[in-house]
Every structure is written in structure tokens, then in C-alpha cells.
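Novice: Give me the fold of what follows.
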Amino acid sequence: MVEIKNYSKTMTISQVVVFFDRIDIHFTKTMIQNYVRIGLLPPPSDKRHYGHGHLHLLWLIHFFKENFSLEEIRGLFAATLGPAYATAEVCGEDAEALYVQATSMQEHEENETAPILSLMCRSVLLKRKAKRMLDDE
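Specialist: As a prediction, the model looks like this:
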């Protein structure tokens, strides 16, 4: 888990790209701008600066996009963080709580020694359940 609180409260888009490159997560400026354009990521404050909430959400986007579409991730954010997440007042504490929960679950799963078939079946079933929950929202 990356301790985002240890970094500057606001960053330019270039600094955000460098921040994630250092932890081997690769975003481009265009990707981040597209996430803002489609409403997946709140716009930067004063049209230039990204805060801790943005960093948490970007990490979550990276984590979830392996198995979910951007539309499904936006549904997750809206359902979990409420409609205010898409505003310039990036819901920092709520985004951080979701980030902490996801990273904690990730660390637990990585340390688990369940057989591969069990993990693959659970993955499919959980994805189906998440899709149904998102569809119900």
C-alpha cells in the first residue's frame, strides 16, 4: 500500500504521472484528462491541481480496470462515494477509505494460499455479484 498522505497535498498532472511511475503504475496525461472528461475522476481544483482524493481514485481505477470497464468503475464510485465524488471537492476522506479497504483486501488475498481453481471460481462469482449490484443501482 502506498502511503499517499506522505506526498504533497496538490500536484500538477505531470507530477501525478511521475508519482505513479515511481510505484510502477503507468498513467499518461491523456488518460487522466480522459478520466476527468468522462466523469470517472473529478476535475482538478483550480483546473490544474490534483489532490490526495484524486490519487486514491486513480489507484483504484488502475486496480479495478483489470476486470471492470470504466463505466462499471464509475458506477462503483457513484454507489460507494455518492454523487458528490464527481465534483471538484474530491471526497478525500471517502476516497481514502475506499482505497484503504481495497488495498487491505488485496494484501489479504495475496497472502492467501487457496488453490488456483478456488481463486478463479471465486473471482468469477464475485465479479458477477458486483455487476448485479451495480446494475441494481
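Novice: okay, CA-based contacts and neighbour counts for the rest of this
Specialist: OK.
Novice: Please state the offset of the worst-scoring helix or strand of the chain on mean pLDDT from the chain centre?
Specialist: When each helix and strand of the chain is scored by mean pLDDT, DSSP states H and E, helix 92-111 comes last, with a mean of 74. Centre-to-centre, helix 92-111 and its host chain are 10 Å apart (Cα atoms, centre = their mean, to the nearest Å).
Novice: Skip ahead from it and say which helix or strand is next.
Specialist: helix 116-136 (DSSP states H and E).
Novice: hmm, who's touching that next one?
Specialist: Around helix 116-136, the neighbours that count as contacts under Cα atoms under 8 Å, 6 or more residues apart in numbering are 72, 75-76, 79.
Novice: let's see it at 7 Å
Specialist: Where contact means Cα atoms under 7 Å, 6 or more residues apart in numbering, the residues beyond helix 116-136 that reach it are 75-76.
Novice: Please work out the angle formed by the directions of that helix and helix 92-111.
Specialist: Here helix 116-136 runs at an angle of 160 degrees relative to helix 92-111 (axes from the mean of the first three to the mean of the last three Cα atoms, to 10 degrees).
Novice: same question for helix 116-136, mean pLDDT?
Specialist: On average, the pLDDT along helix 116-136 is 80.
Novice: cool, and stretch 56-63?
Specialist: Here the average pLDDT along stretch 56-63 is 92.
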